[in-house]
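> quick one, fold the following:
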Amino acid sequence: MEALRESFLHLTFQMSTYKRATLNEDDLVDSNGDEIYPPAMQVTLRHGPGPRCWAEKTYTERKLLVLVCALSVALFFSLITVGIFYKETHPGMCRTEPCITVASAVIGALDRSVDPCHDFYSFACGGWVKNNPLPEGKSRWGPFSNLWERNMAVMKHLLENTTMKGLSKAEENAQMYYKACMNETKIEELGAQPLQELINQTGGWALTGSWDNNNFQEVLRTVSANYHCSPFFTVFVSTDSKCSNHNIIQVDQSGLGLPSRDYYLNKTANAKVLTGGYFLVELGVLLGGSQETSRSLMQEIVDFETTLANITVPQEERRDEELIYHKIQAKDLTTLAPAVDWMPYLTDVFAPVLLNDSEPVVVYAKDYLQKVSDLIASTNKSVLNNYMIMKVVRKMVSILDKKFQDAEQRFFEVMYGTKKSCTPRWKLCVSDTDSALGFALGALFVKATFAEDSKAIAEDMVSEIKWAFEDSLKYVDWMDQGTKKAAKEKAEAIYNMVGYPKFIMDPKELDKVFNDFEVVSDLYFQNVMQYYNFSARVTADQLRKTPNRDQWSMTPPTVNAYYNPTKNEMVLPAGILQAPFYSRSWPKALNFGGIGVVMGHELTHAFDDQGREYDKDGNLRSWWKNSSVEAFKKQTQCMVEQYSNYSINKEALNGKHTLGENIADNGGLKAAYKAYVNWIAKNGEEATLPALGMTNHQLFFVGFAQVWCSVRTPESSHEGIITDPHSPSRFRVIGTISNSHDFSEHFGCKADAPMNPKHKCELW
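Numbering: from 1, shown residues only. Next up, the predicted model:
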């Protein structure tokens, strides 16, 4: 700005000097009509008598004088106009401290030796990767991780500050829960005793003695209702996808001991995890079993889980929710899966709600339930008991003493490639407190860190992103007009929740939510059990009720965001509304490239291959014209093939499994950039960052890419490829960038450059 001001003053000084030198009346002379030189030239050549009055001047002199004055005035106003225009179109350099700081960070992350049109991820993140080796004990690291660590440090301070006045009972309970988790002396003193007592209360285990109990149904009910475990299948309460104003019981296939069925089925590739890395034997010994007995029991469990993996349906085959949704009555579950006594089971899980056999239930894994029922019926009851108890043990490992945690750490070393770390205890305790009392802790976090106007600014940005997405619908040539009109209505109807739910700022409302959660001093294991029981009661209480639209699935400190199709809502917690995603003192280019793309990503989920099946009211129904459905599938097949051609460590990505997230990434980038261009049209170009040598349009794309800079172990990359619905960070950048015409234009990429392929996948 200072340079522009000096430039403008310099132009003004030259203009006034010219006026004095060439237009000043004192320099004008008589003319006889026979001059060799024009009057303007004669100023420096004539030496005659003093100046004459206007009446004494000839007609030619007067005419020339008027002309020169008019030209001078016109030039003056022209220079003023040019100056204003220059200021608007060349707003100069931002030299504020935040601009200098963020410019330094952007530069440090770059690798300018890489051609951005050849490999934009390496260009944008090469420096960051070089300067950020994996921290000790981490299998992956990136801006998300770094921001979460900062948020955890803030939460630690708040949880340890017991001198704060005016706390609600829920906030005090959060501090007490954290304190109990931090009491390592008491935890070490108790050792394995709390878990051993719990196992005995459940009916015992063959690990430490003879077991010949015919109590399968009782154990299944106990571990499901009391310990938050889901052996064989999972049962929960959620919004009915085809009746979004009603909560209903839902049944689905459950998870396995390892992150994916692939670990069991591809034994060659995962031999290290299945043999030396599997730590069940070690857990058995810690719980009192002999090495031989533990090895025998755990091998039975692995073999049984392998059979379960064979009948588990891969996630990529479950993406069409219209096909997997089946509404039945509770009594029909007995016909579908007779190996389970369903009514006693459901009665225990959803106590104290009274159920009858006509209770509606949505089943999302009909074929799986039939197969798992057959498996239960044909498997020795001792194996089933071993499996169910081990599910409980696996869940409790992290809340026991150091011997159990060390065993788990050794498993993580094999599973994710992490090295043994000295991660402080407080990080585990902050994270667990956030899981159990996250909205009470979130109230403390918001009051300490979240500026109220940040909420309004973020909401305004969401509106701008929405406008951009809706405007882009006009140019979607593969969709019929009727469906396009309905899609616009759905986008307009998306409900935005930014920062935090309102109830957490009202102490009475906050205490009301956690009124039924009793926290005791210094008994961490007991507090976790209390949380499981509390959570189960809250879930049961939601049954048959109208879903609460302001109920969040993420706590305020969370560094993430989500879209919920049955409520047609997008949620952006306070935890992510910070650098490197957003800062009020940064250029808008970085904010739109960071949090703007996140907003666009979540909005686009409403129109990905799963979200598009829900209408504006959150109901799963066919609201698209068939021709547009077919066209959509054809357009998305392009992305399936594009991302399936990427690989990491010679392992190909699954473009079908990641389709929804890839659609959201591409749509989010496009909507955010369009919104930024619209912001410029309304507000003018903004100042650029110093030393970068980039336009703000280029900065937008760099800012987007640098959010995804990351490092990861090979083991963690493998796990991500087979379990994560998101593409690896590198391909979240180059996959979207290579589909962007705007990127290629602003970086001047030649036709058919790697980041500017001739054939681009375009959807929204």
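> all helices for the stretch 501-650 of the chain, in order.
With DSSP state H, counting those that start in this stretch as the criterion, the stretch 501-650 of the chain has helices at 507-513, 524-542, 588-591, 597-604, 626-644.
> looking at those, which is buried most?
helix 597-604 (a mean of 28; mean count of other CB atoms under 10 Å). Using the backbone N, CA and C atoms, a C-beta is placed for each residue, glycine as well.
> put the alpha carbons of it into CSV.
Only the C-alpha atoms of helix 597-604 are listed here, as CSV (Å, rounded to 0.1, in the frame of the first residue of the first chain):
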residue,chain,number,x,y,z
VAL,A,597,-13.1,-25.9,0.5
VAL,A,598,-14.1,-27.8,3.7
MET,A,599,-17.5,-26.1,3.6
GLY,A,600,-17.9,-26.9,-0.1
HIS,A,601,-16.8,-30.5,0.6
GLU,A,602,-19.5,-31.0,3.2
LEU,A,603,-22.2,-29.3,1.0
THR,A,604,-21.3,-31.5,-2.0
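> what's in contact with it?
461-462, 465-466, 468-469, 491, 494, 561-563, 570-572, 576, 581, 663-672, 675, 704, 707, 764 (CB atoms under 8 Å, 6 or more residues apart in numbering).
> I'd like the list of the residues you listed that fall within helices, please.
The helices, defined by DSSP state H, take in 461-462, 465-466, 468-469, 491, 663-672, 675, 704 from the contacts of helix 597-604.
> hmm, residue 502 is touching residue 550, no?
Yes: counting by CB atoms under 8 Å, residue 550 is a contact partner of residue 502 at 6.8 Å.
> can you report phi and psi for the residue nearest the centre of the chain?
Geometric centre of the chain, nearest residue: residue 560, 3.8 Å, by CA atoms, centre = their mean. Here is the backbone geometry of residue 560 (degrees, to the nearest 10): phi -170, psi -180.
> and it, how far from residue 485?
According to CB to CB, to the nearest Å, residue 560 stands 32 Å off from residue 485.
> where does pLDDT dip in this structure?
Along the chain, the parts satisfying pLDDT under 70 run over 1-63, 65-91, 276-278, 421.
> hmm, 80 instead?
1-91, 209-212, 267-279, 419-422, 452 (pLDDT under 80).
> can you show me the strands along it?
In the chain, the strands defined using DSSP state E lie at 140-141, 233-240, 243-253, 326-329, 360-363, 495-499, 562-564, 569-573, 647-648, 651-652, 711-712.
> present these as CSV; the columns should include distance to residue 370 and mean neighbour count.
Output for the strands of the chain, formatted as CSV (distance: least, CB to CB, whole Å; neighbours: other CB atoms under 10 Å):
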stretch, distance to residue 370, mean neighbour count
strand 140-141, 38, 20
strand 233-240, 11, 18
strand 243-253, 11, 19
strand 326-329, 12, 14
strand 360-363, 10, 19
strand 495-499, 38, 19
strand 562-564, 30, 19
strand 569-573, 35, 25
strand 647-648, 36, 14
strand 651-652, 32, 12
strand 711-712, 39, 21
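> and those strands as TSV, adding distance to residue 159?
TSV is the format used below for these (distance: least, CB to CB, whole Å):
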stretch	distance to residue 159
strand 140-141	24
strand 233-240	29
strand 243-253	32
strand 326-329	44
strand 360-363	39
strand 495-499	20
strand 562-564	25
strand 569-573	18
strand 647-648	38
strand 651-652	41
strand 711-712	30
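> the ones you listed: which one's closest to residue 286?
Proximity to residue 286 (CB to CB) singles out strand 233-240 among the strands of the chain, at 27.4 Å.
> what is that closest one packed up against?
Other elements packing on strand 233-240 under the criterion 3 or more CB pairs under 8 Å, 6 or more residues apart in numbering; DSSP states H and E are strand 243-253, helix 342-349, helix 366-378, helix 524-542.
> is it possible to export these to a markdown table including distance to residue 336?
Output for the helices and strands packed on strand 233-240, formatted as a markdown table (distance: least, CB to CB, whole Å):
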| stretch | distance to residue 336 |
| --- | --- |
| strand 243-253 | 9 |
| helix 342-349 | 9 |
| helix 366-378 | 6 |
| helix 524-542 | 22 |
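> of all the ones you listed, which one is nearest residue 160?
Judging the helices and strands packed on strand 233-240 by CB to CB, what sits closest to residue 160 is helix 524-542, at 15.9 Å.
> the closest one vs helix 342-349, what angle?
For helix 524-542 against helix 342-349, the angle by axes from the mean of the first three to the mean of the last three CA atoms, to 10 degrees is 120 degrees.
> can you say which of the helices and strands packed on strand 233-240 is nearest to residue 428?
Distance to residue 428, taken as CB to CB, is lowest for helix 524-542 among the helices and strands packed on strand 233-240, at 10.6 Å.
> quick one, that closest one and strand 243-253 angle?
130 degrees.
> contacts for helix 524-542?
177, 180-181, 183, 186-187, 190, 194-195, 198, 225-228, 236-237, 247, 349-353, 396, 399-400, 432, 436, 514, 516-520.
> also stretch 443-457?
Residues contacting stretch 443-457 (CB under 8 Å, 6+ apart): 151, 154-155, 158-159, 167-168, 170-171, 174, 498-500, 504-505, 510, 556-557, 574-575, 577, 582, 584.
> just the buried residues of the residues you listed.
151, 154-155, 158-159, 167-168, 170-171, 174, 498-500, 504, 510, 556-557, 574-575, 577, 582 (16 or more other CB atoms under 10 Å).
> quick check: residue 128 touching residue 108?
Yes: at 7.2 Å, residue 128 counts as touching residue 108 under the criterion of CB under 8 Å.
> so between those two, which is more surrounded?
Comparing residue 128 with residue 108 by other CB atoms under 10 Å, the one with more neighbours is residue 128, at 21 against 12.
> identify the residues contacting the more buried one.
Residue 128 touches 108-109, 706, 709, counting by CB under 8 Å, 6+ apart.
> which one among those residues gets closest to residue 205?
For those, the nearest to residue 205 is residue 709 (46.5 Å; CB to CB).
> measure that closest one to residue 587 for me?
In terms of CB to CB, residue 709 sits 19 Å off from residue 587.
> again with residue 378
Distance from residue 378 to residue 587, by CB to CB: 64 Å.
> which residues sit against stretch 580-596?
Contacts with stretch 580-596, where a contact means CB under 8 Å, 6+ apart, come from 94, 96, 98-99, 102, 105, 143, 147, 454, 457-458, 461, 464-465, 572, 576-577, 579, 598, 672-673, 675-676, 679, 686-689, 696-697, 699-704, 706-707.
> quick revisit: between residue 378 and residue 587, which one's more packed in?
Taking neighbours as other CB under 10 Å, residue 378 and residue 587 compare with residue 587 leading, 22 against 9.
> before we move on, back to that, my guess is the residue nearest to the centre of the chain contacts residue 575, does it?
Yes: Residue 560 is in contact with residue 575 according to CB under 8 Å; the separation is 7.5 Å.
> test my guess that residue 678 contacts residue 466.
No: counting by CB under 8 Å, residue 678 stays clear of residue 466, with 11.5 Å between them.
> these two - which one has more neighbours?
Higher neighbour count among residue 678 and residue 466: residue 466, with 20 against 15, using other CB under 10 Å.
> hmm, back to that, nearest to residue 746, out of the helices and strands packed on strand 233-240?
It's strand 243-253; of those, that one is closest to residue 746 (CB to CB) at 41.3 Å.
> got the contact list for the residue lying closest to residue 640 once chain neighbours are set aside?
For residue 640, ignoring the flanking residues on the chain, the nearest one in space by CB to CB, 6 or more residues apart in numbering is residue 655 at 4.1 Å. Going by CB under 8 Å, 6+ apart, residue 655 touches 639-645, 662.
> tell me, how many residues neighbour residue 506?
12.
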